[in-house]
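Asks: sequence and predicted structure are below.
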Amino acid sequence: MTDLKIENLTFAYDERSEAPIFERLNLTAAPGEFLSILGPSGCGKSTLLNILSGALTSYDGRIAVGGETTRGISSHFACMPQDDLLIPRRNILDNACLYGTLHGKKKEYRAMAMKNMELFGLSGYERAYPSQLSGGMRQRAAFLRTALCPADIMLLDEPFGALDVITRGDMQDWLLSVRGELNRTTILVTHDIDEAIRLSDRILAMKGRPAIFAGEFIPGPKGRQREERLARAPLWEKIYACLQSETR
Amino acid sequence: MKRESVQAKTKRTDILGESRAKDARGRFAIIPPVAVFTGALVVWEIVVRLRDIPKYVLPAPAAVFAAFAEDAPALAHHSAVTLGETVVGLLISVAVAMITAVLMDAFAKFREAVYPLLVVSQTIPVIVLAPLFIIYLGFGAAPKILTVVLMCYFPIAVNFLDGMRRTDIGLVNLVRSFGAKPLQIYATVKIPMALPSFFSGLRIAATYSIMGAVVGEWLSSDSGLGYYMLRVKNGYQLDRVFATILAIILLSLLMNGIVRLLSSIILKQ
């Protein structure tokens, strides 16, 4: 497991016409930490993930993984977007081992994928096509594809944002149950306060333009029972107040 | 988890149910055009008989079918020639269209330079260019094949390019973040995702393709349906002209059917 350090990150989509999205932004994630970045739509959460995943490279500052500076596409990061982005004409097994196919290790990755089908709740659906699965199953297949990448850090961009509230709760339960097995430093961006509280070791509230981290929160109980949900309420209120102060 | 599996199974059943309903609708969809076509033939036959129109002006459908049956061996021979030119032309079109579409997708400058010229090229009628092909390429199969290529290239290239350009950028970025090289991005994502558009273009091209070969044969040839059509026209054998048109229609439908079959196999999922 590896740590992540972002130092003095400055980025703008169009430097001439708009205020920068980030200006000297700093962030660290400890090895194995599950860090959530919470903020309203458009605050720069997904932009930050796009910079980390290498889709955006025209930034100033330094990104270091395990002390090693990285820029652009690198094997340090594996990204899981909001849409499952499964390839329609490949079955679930072939989708899951996409990384192996691209790197000439299809056989090895197929074996790894088969081993993990049970853990990801996809047993019996290896040969099914994405169109034959429910939204939650497709997200788990996409998760398996991301998890099989030998990356140090998983980037989750609102991975359950497109799911209904019940399925999203099921997926959060499932992710909590497999976190130990995944054993990775994970950065989750979301605008769902409850999701961030349930899943994370630490929450950073992002807001403003240029974006800043306005608050840091350490979540408590993770369960879905009424008492646990009530126990999370004060923290929920605190985070909400922190985020709301910017929008007023 | 169990609930989701049930959901998935229900969805699968729904998909099957939907596709069966679609199949049934597809079977019945052929009835209205067949009814209209049969009705038109009946009216045509009655008008020709009642007005006693001579065969060299307008043959009745029955006479056309009789000529078709009588000329079947000759039509089969000429159809084989036309079909050969068409298939070769269509295959060349597919190869050239795929290569240029990938280049246009990969290199914006190439696309900006070439695409407007391709659009303008479609405003020139092929029948105007065909005589030039004969001057440059002689009287063999080459000018006919080139006519087919000119007619078929554009719909395939444009649809295929459009399909690649409409590929979800998120998916392309995802595969790129997995370390895919440019050619792998095309092989894994862009080309497979563009296949439905490619087949749409190919279906249009396949329908035009026979016409392309016939136009080429009109101008210079000693065999093929275009040549045969001119020969019987010059003899005022209009029943045979119509029989040749019928053969052209059947060949066009055959080409379209082959492409449909191919696309249904390849795009199964």
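Replies: Perfect, thanks for sending it. Remember, it's a predicted structure, so these values are computed and weren't measured experimentally.

Asks: where does chain A have low pLDDT?
Replies: Across chain A, residues meeting the criterion (pLDDT under 70) sit at A:17, A:221-224, A:246-248.

Asks: show me where it has its helices.
Replies: Listed in chain order, the helices of chain A (DSSP state H) span residues A:45-53, A:92-96, A:98-102, A:106-116, A:135-147, A:165-182, A:193-199, A:226-247.

Asks: could you do chain B as well?
Replies: Counting by DSSP H, the segments of chain B that form helices are B:2-29, B:31-51, B:61-70, B:72-106, B:108-121, B:126-137, B:142-165, B:169-177, B:182-185, B:191-219, B:225-234, B:238-266.

Asks: got the contact list for residue 244?
Replies: Let's take chain A. A:Gln244 is in contact with no residue at all, counting by C-beta atoms under 8 Å, 6 or more residues apart in numbering or on different chains. No exception for glycine: its C-beta is placed from N, CA and C like everyone else's.

Asks: that was the other one, I meant chain B.
Replies: With contacts defined as C-beta under 8 Å, 6+ apart, B:Thr244 is in contact with B:75, B:78, B:225, B:228-229, B:232.

Asks: skipping adjacent residues, who's closest to it in space?
Replies: Residue nearest to B:Thr244 in three dimensions, not counting chain neighbours: B:Met229, with 4.3 Å by C-beta to C-beta, 6 or more residues apart in numbering or on different chains.

Asks: what does B:Gly226 give?
Replies: B:Glu217 (2.6 Å).

Asks: quick one: contacts for that neighbour?
Replies: Under the criterion of C-beta under 8 Å, 6+ apart, the contact list for B:Glu217 reads B:82, B:85, B:144, B:223-227.

Asks: and stretch B:108-127, C-alpha only, in CSV?
Replies: Coordinates of the C-alpha atoms in stretch B:108-127 are reproduced here as CSV (Å, rounded to 0.1, in the frame of the first residue of the first chain):
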residue,chain,number,x,y,z
ALA,B,108,-7.9,15.9,-36.8
LYS,B,109,-5.7,17.7,-39.4
PHE,B,110,-6.2,14.9,-41.9
ARG,B,111,-10.0,14.9,-41.2
GLU,B,112,-10.2,18.7,-41.6
ALA,B,113,-8.3,18.4,-44.9
VAL,B,114,-10.1,15.4,-46.4
TYR,B,115,-13.7,15.4,-45.1
PRO,B,116,-14.9,18.5,-47.0
LEU,B,117,-13.5,17.1,-50.2
LEU,B,118,-15.3,13.8,-49.7
VAL,B,119,-18.6,15.7,-49.2
VAL,B,120,-18.0,17.7,-52.3
SER,B,121,-17.1,14.6,-54.3
GLN,B,122,-20.6,13.3,-53.6
THR,B,123,-22.1,16.1,-55.6
ILE,B,124,-20.5,14.8,-58.8
PRO,B,125,-22.7,12.2,-60.5
VAL,B,126,-20.9,8.9,-60.9
ILE,B,127,-22.3,8.5,-64.4
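
Asks: centroid residue for chain B?
Replies: Ranked by distance to the mean C-alpha position of chain B (C-alpha atoms, centre = their mean), the top residue is B:Ala206 at 1.6 Å.

Asks: quick one: it from B:Ser252, how far?
Replies: Taking C-beta to C-beta, to the nearest Å as the criterion, B:Ala206 is separated from B:Ser252 by 8 Å.

Asks: over to A:Ala96?
Replies: As judged by C-beta to C-beta, A:Ala96 and B:Ser252 stand 44 Å apart.

Asks: those two: which is more packed in?
Replies: When neighbours are counted by other C-beta atoms under 10 Å in any protein chain shown, A:Ala96 comes out ahead of the other of A:Ala96 and B:Ser252, with 30 against 18.

Asks: which non-adjacent residue is nearest that one?
Replies: The shortest distance from A:Ala96 to any non-neighbouring residue, by C-beta to C-beta, 6+ apart, is to A:Ala113 (4.1 Å).

Asks: that neighbour: what's it in contact with?
Replies: When contacts are taken as C-beta under 8 Å, 6+ apart, A:Ala113 is in contact with A:93, A:96-97, A:126, A:144, A:148.

Asks: of the contacts of B:Glu217, which is the nearest to A:Leu38?
Replies: Taking C-beta to C-beta as the measure, B:Glu85 is the one of those closest to A:Leu38, at 65.5 Å.

Asks: how near is B:Ala130 to chain A?
Replies: Spatial separation of B:Ala130 from chain A under the definition C-beta to the nearest C-beta, to the nearest Å is 39 Å.

Asks: pLDDT score for that residue?
Replies: Note for B:Ala130: predicted pLDDT of 80.

Asks: next, the contact list for the nearest residue to it once chain neighbours are set aside, please.
Replies: Nearest in space to B:Ala130, with sequence neighbours left out and distances taken as C-beta to C-beta, 6+ apart, is B:Leu219 at 4.9 Å. Listed by C-beta under 8 Å, 6+ apart, the contact partners of B:Leu219 are B:130-131, B:134, B:143.

Asks: again, only this time at 7 Å
Replies: For B:Leu219, the contacting residues are B:130-131, B:134, by C-beta atoms under 7 Å, 6 or more residues apart in numbering or on different chains.

Asks: what is the neighbour count of A:Phe217?
Replies: 20.

Asks: the residue nearest to B:Thr244 and A:Arg90, how far apart?
Replies: In this structure, B:Met229 lies at 47 Å from A:Arg90, with C-beta to C-beta as the measure.

Asks: look at the two and report which has more neighbours.
Replies: Each of B:Met229 and A:Arg90 had its neighbours counted (other C-beta under 10 Å), and the higher figure belongs to B:Met229 (22 against 18).

Asks: the more buried one reaches B:Val241, doesn't it?
Replies: Yes: using C-beta atoms under 7 Å, B:Met229 and B:Val241 qualify as a contacting pair, with a distance of 6.0 Å.

Asks: quick one, domains of chain A?
Replies: A:4-76+A:152-244, A:85-150 (automatic domain parsing).

Asks: ok, and what's touching stretch B:117-125?
Replies: Taking C-beta under 7 Å, 6+ apart as the criterion, the residues outside stretch B:117-125 that touch it are B:154, B:157.

Asks: give me the most central residue, chain A.
Replies: Centre of chain A computed as the mean C-alpha position; nearest residue by C-alpha atoms, centre = their mean is A:Leu156, 1.3 Å away.

Asks: quick one: contacts for that one?
Replies: With contacts defined as C-beta under 7 Å, 6+ apart, the neighbours of A:Leu156 are A:80, A:186-188.

Asks: for chain B, tell me which of those show up nearby.
Replies: When those are checked against chain B using C-beta under 7 Å from any C-beta of the partner chain, none falls in range.

Asks: now for these: which two are most distant?
Replies: Spatially, the most separated pair among these is A:Met80 and A:Ile187, at 10.4 Å (C-beta to C-beta).

Asks: anything in contact with each of these two?
Replies: With the criterion set as C-beta under 7 Å, 6+ apart, the overlap between the contacts of A:Met80 and A:Ile187 is A:155-156.

Asks: find the residue closest to B:Gly89 in space, skipping its chain neighbours.
Replies: Nearest residue to B:Gly89 in three dimensions, chain neighbours excluded: B:Val148, at 2.6 Å (C-beta to C-beta, 6+ apart).
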